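**Q** Have a look; sequence and predicted model below, questions after that.
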Amino acid sequence: PFDIWNDSVRLPDQAPLTFVYSQCLGVYGASSLLYIVYGIGARLRRQRVRHSPVRPAYLSGFMWAVGLTGMLFAIEDLGMSEAYVICAIGPVMVSALISAVVFKEIQGWENGRDFCIALALQSTGVCLLAAGS
């Protein structure tokens with residue numbers, strides 16, 4: 001959607017933040033509508049609606065919006081081919097390292113070796129894409 005907006009709607013002096021606002025407003029509106037429909041359905045079935053899971057969802061939505069903002073500024077400065085790959089693969093690599101180091105989800109020597117090979121392949125792919133652009 002960013003490329004379509006960038007090519008057809010965006011004015012030359014507009015910052016990517018205008019796209020972030022519309023994108024985040026759409027996600028917030030859609031998720032709020034789904035939550036309202038869920039609440040109405042629960043009321044009709046006389047079930048209790050638990051509100052405690054909503055707080056972490058809003059926090060994660062805020063974190064996603066901050067990440068989206070950073071990604072769009074990176075695409076603006078670096079270009080789509082470099083920034084998108086870094087923004088798409090980087091979080092996957094960080095979460096994989098956290099799961100392996102902090103939570104120790106990778107057990108055994110063979111699994112650790114395969115995990116390191118996979119991370120090396122991902123890093124190589126990102127570097128080759130960045131070098132080729």
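**A** Here it is on my side, so go on. What you see is a predicted model, and the numbers here were worked out from it, not measured in a lab.

**Q** what number of residues lie near residue 75?
**A** Counted with other C-beta atoms under 10 Å, residues neighbouring residue 75 total 20. Every C-beta, even on glycine, is put in place using the N, C-alpha and C of the backbone.

**Q** buried sites along the top helix by length along the chain?
**A** The helix spanning the most residues in the chain, taking DSSP state H as the definition, is helix 17-44. Residues of helix 17-44 classed as buried: 19-20, 23-24 (neighbour count, 16 or more other C-beta atoms under 10 Å).

**Q** elements contacting that helix?
**A** Applying 3 or more C-beta pairs under 8 Å, 6 or more residues apart in numbering; DSSP states H and E, one finds that helix 17-44 makes contact with helix 2-8, helix 54-78.

**Q** now that helix: mean pLDDT?
**A** Helix 17-44 comes out with an average pLDDT of 90.

**Q** the inter-axis angle of that helix versus helix 54-78?
**A** If you take axes from the mean of the first three to the mean of the last three C-alpha atoms, to 10 degrees, helix 17-44 sits at 160 degrees to helix 54-78.
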